[in-house]
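S.K.: got a sequence here, can you build the structure:
(2 chains)
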Amino acid sequence: MKKIATGNKAVAEAVKQVVPDVIAAYPITPQTEVVEQIAEFVSGGELKSRYIAVESEHSAMAACIGASATGARTFTATSSHGLLYMHEMTNWAAGARLPVVMANINRSLGPGWNIWAEHTDALQERDTGWLQVYVSTVQEAYDTTLMAFRVAEHNNVLLPVMVNLDGFLLSHIMQPLDTVEPGDFIPPIKLPHAIDVKNPAGYGGLTGPDQQYRFRWDIERSMRDSAKVIAETEREFSKRFGRKYGFTEDYRCEDAEVIVVAMGTLGKEAEVAIDILRKENIRAGSMRLRWLRPFPHLNLKGKQVVVIDRDYSFGRGGILATEIMAQTKEEVYSVIAGIGGQEVTYENVADFVRNRKMGAEVWFGVNSNV
Amino acid sequence: MDTIAEIPKAEYLLKCTSACAGCSDSLALRYVLKAAGPDTVLVVPACCTSVIQGIYPNTAFNIPVYNIAFGAAAACASGMSNAFRAAGKKTNVIVYAGDGGTLDIGIQSMSGAFERGTDFLYICYDNEAYGNTGMQRSGATPLGARTTTTPAGKTDFKKDIDAIIAAHDPPYMATAAAAYPQDLFKKVQKALTFRGPSFIHVLAPCPPGWRFSTEKTVEMGKLAVKSGMWVLYDREYGKLTIGAQSKAAMKKLLPLEDYLGPQGRFKSIDPKTVDILKQRIAKNLAKLTAEEAAP
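M.R.: Residues are numbered from 1 along each chain as shown, chains lettered A, B, ... in the order given. I've put the predicted structure just below:
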């Protein structure tokens, strides 16, 4: 069904269609529209989920954990400080191997109070055992949220999935949305370790040095296995519904000398910059990273790489740039741009490419040489 | 159900837990589980109970136990209860948390779960300090008690968690003591008949923490009640009933010194502090008596 929706509403539409048994959430700008829309669906009887309006994000994730542990399908949404407040429980959800799905609306961190787009919130969750995917359009937000449930609940994965949308730049913009009937694309959830009073077990109790590493390794093994499940899910999605994604969305990369790598809306914006640069006979392409965890192999051999980070790890560098430098020997030009919602246009992105200084790092708007 | 013989023989707390000798956490839990029966999930935040289950892959508990982070028990139970009810299951969801996990770090999630009318039972077993980590002060530590972080005795009063719970107006709440297992058993059974949140606050004397010898656990709980330091009551839809044991005790309270004396944690308490404690006991008993008498 064709409609017009914001990124937030697209997520809520997808959630409505997969019918989680339990949704627990706490409001935070710019995520509020997701939970308001879901609350409206539930209250109007359109969505038969239990909606728990918890008193904090820590409790939102704890409630999802408690519900998921019984074998229920669960969903929550948050942003920025909400995600950080959950941090203890995001670790718990992954460690407990619970396929919770969460939408995170990427937002800067305080102080000061800044409600605009930035990826540092989700990237601080990078090492928790959650799968992470970053989307760039309303349609992609919807499609990816649907796929997130199938991936998380797959028995070779059983890890939580975080779907990331740029605050305001995607959460609040209106674009066309084509909804689908997922049908058996989302099979019923079947958690092998669901609580069973007839077969009582202890969950998450004392675990010694001779066992803990086995559990940790098992998370990593499933994280590696998840790559196949993601690929299979995206293939199946494209077969059924006609829209194709991937670990990255590559644009004019085949013959490119220089490739722009970014996530979220900036990654999409880069495609416009590429067209401009091509007219100037600069052989540029863009590679928008969708899945950050598991981190895919990026085909950057022989290319100059311009990485745009809407995030930062103080004392180290742009987080995406650092990840890429760890994977490839190619030289990287690291641009820190879009922090706290700083405006970055496709003209700016084209400038990053034109003025690239391989091996250097620049902060857009700070360094005069940008 | 007035004799111990009427309590079910089924055991859900098996032998060989790693509890300390004389542990009243496990004593209380044994009766809690007998009252709740096998269709029960226990949600346990960080506390002594997370330790005494045993080490993976073994567990001494014969019901599902879900361990969760320190401040998150009530929220986890909230999700669990909703999921069970959504699936049409009546499974009891019981939080079994210590005083730190209840009065301190867990108070927010607990308050939220009570305010939302979560269908669960929250049991706080109260040994009046962070026992699992070696006896640091908690909000439940009484005035004058020595802990490892109040080496000169606590200078603040015990937080009145029961008043805080009462302010949430749950259908059922009670106090109990590990020293009175039949009373505890009955209160758990009763609590589980209500839809919505119920609360039981169990006094759980701790031999290594309070520094008394291990055979005196039950005696210490009885002395707490007989001296008026702990009052047994329940409150059903707001109507308070003081328990028979406490009624009997109130006719002629044992000297508080009889309760404080055998405990090493009160060894250096000064007479002025003892007097303040006695005044608090009198005030508390007067308040509860007046509430019970009120129409």
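S.K.: please count neighbours and contacts with C-alpha atoms only from this point.
M.R.: Noted.
S.K.: starting at the chain centroid, how far to the helix or strand B:Arg280 falls within?
M.R.: B:Arg280 is part of helix B:271-293, with elements assigned from DSSP states H and E. What separates the centre of helix B:271-293 from the centre of its chain is 20 Å, taken as C-alpha atoms, centre = their mean, to the nearest Å.
S.K.: residues of it that come out buried?
M.R.: Neighbour-count burial for helix B:271-293 flags B:Val274, B:Leu277, B:Lys278, B:Ile281, B:Asn284, B:Leu285, B:Leu288, B:Thr289 (criterion: 16 or more other C-alpha atoms under 10 Å in any protein chain shown).
S.K.: give me every residue in the stretch 101-250 of chain B lying close to chain A.
M.R.: B:Gln108, B:Ser109, B:Gly112, B:Ala113 (C-alpha under 8 Å from any C-alpha of the partner chain).
S.K.: quick one: secondary structure of the first one?
M.R.: For B:Gln108, the secondary structure call by DSSP: H, G, I helix; E, B strand; the rest coil comes out as helix.
S.K.: can you count the residues close to it?
M.R.: 19 (other C-alpha atoms under 10 Å in any protein chain shown).
S.K.: what sits against it?
M.R.: Going by C-alpha atoms under 8 Å, 6 or more residues apart in numbering or on different chains, B:Gln108 touches A:Glu55, B:Gly71.
S.K.: please enumerate the helices of the stretch 151-295 of chain B.
M.R.: B:161-166, B:181-191, B:217-226, B:244-251, B:256-260, B:271-293 (DSSP state H, counting those that start in this stretch).
S.K.: which residues are in contact with the worst-scoring helix or strand of chain B on mean pLDDT?
M.R.: In chain B, the helix or strand scored least confidently by mean pLDDT, DSSP states H and E is helix B:48-52, which has a mean of 95. Residues outside helix B:48-52 that contact it (C-alpha under 8 Å, 6+ apart) are A:205-206, B:17-19, B:25-26, B:44, B:60, B:67, B:96-98, B:131-132.
S.K.: which ones among those residues lie within helices?
M.R.: Under the assignment DSSP state H, the contacts of helix B:48-52 contribute B:Asp25, B:Ser26 to helices.
S.K.: ok, and the most crowded of the contacts of helix B:48-52?
M.R.: Neighbour max across the contacts of helix B:48-52 (other C-alpha under 10 Å) = B:Gly98, 32 neighbours.
S.K.: show me the shaky parts of chain B.
M.R.: Applying pLDDT under 70 to chain B flags residues B:1-5.
S.K.: one more time with 50
M.R.: Within chain B, the stretches with pLDDT under 50 are B:1.
S.K.: and the strands in it?
M.R.: Per DSSP state E, chain B carries strands over the ranges B:40-44, B:65-67, B:92-98, B:121-126, B:172-177, B:198-203, B:233-236, B:239-242.
S.K.: any idea which helix or strand carries A:Leu177?
M.R.: Element membership for A:Leu177 (DSSP H and E) is strand A:174-178.
S.K.: would you mark the buried spots in that strand?
M.R.: Residues A:Met174, A:Gln175, A:Leu177, A:Asp178 are the ones in strand A:174-178 that count as buried (16+ other C-alpha under 10 Å).
S.K.: residues contacting residue 88?
M.R.: Picking chain A for this. Per C-alpha under 8 Å, 6+ apart, neighbours of A:Glu88: A:His58, B:Ala69.
S.K.: and the most centrally placed residue in chain B, how far from chain A?
M.R.: Residue closest to the average C-alpha location in chain B (C-alpha atoms, centre = their mean): B:Val202, at 2.3 Å. Using C-alpha to the nearest C-alpha, to the nearest Å, one gets 23 Å for the distance from B:Val202 to chain A.
S.K.: ok, back up a step: now the buried members of the residues of the stretch 101-250 of chain B next to chain A.
M.R.: B:Gln108, B:Ser109, B:Gly112, B:Ala113.
S.K.: mind putting those residues in JSON lines, distance to A:Arg290 included?
M.R.: Below are those laid out as JSON lines (distance: C-alpha to C-alpha, whole Å):
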{"residue": "B:Gln108", "distance to A:Arg290": "36"}
{"residue": "B:Ser109", "distance to A:Arg290": "35"}
{"residue": "B:Gly112", "distance to A:Arg290": "36"}
{"residue": "B:Ala113", "distance to A:Arg290": "37"}
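S.K.: still on that earlier bit, so how far is the least confident helix or strand of chain B from its chain's centroid?
M.R.: Using C-alpha atoms, centre = their mean, the offset of helix B:48-52 from its chain centre is 15 Å.
S.K.: how far does stretch A:274-290 sit from the chain's center?
M.R.: Once both centres are worked out by C-alpha atoms, centre = their mean, stretch A:274-290 turns out to sit 24 Å from its chain's centre.
S.K.: export the helix holding B:Arg280 as CSV, just CAs?
M.R.: Coordinates of the C-alpha atoms in helix B:271-293 are reproduced here as CSV (Å, rounded to 0.1, in the frame of the first residue of the first chain):
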residue,chain,number,x,y,z
PRO,B,271,23.1,4.5,74.8
LYS,B,272,21.9,7.7,73.2
THR,B,273,21.5,6.0,69.9
VAL,B,274,19.7,3.1,71.6
ASP,B,275,17.3,5.6,73.0
ILE,B,276,16.6,7.1,69.6
LEU,B,277,15.9,3.6,68.3
LYS,B,278,13.5,3.0,71.1
GLN,B,279,11.7,6.2,70.4
ARG,B,280,11.4,5.2,66.7
ILE,B,281,10.0,1.8,67.7
ALA,B,282,7.4,3.5,69.9
LYS,B,283,6.4,6.0,67.2
ASN,B,284,6.2,3.2,64.6
LEU,B,285,4.0,1.0,66.8
ALA,B,286,1.7,3.9,67.7
LYS,B,287,1.4,4.8,64.0
LEU,B,288,0.5,1.2,63.0
THR,B,289,-1.9,0.7,65.9
ALA,B,290,-3.7,3.9,65.0
GLU,B,291,-3.9,2.9,61.4
GLU,B,292,-5.3,-0.5,62.3
ALA,B,293,-7.9,1.1,64.6
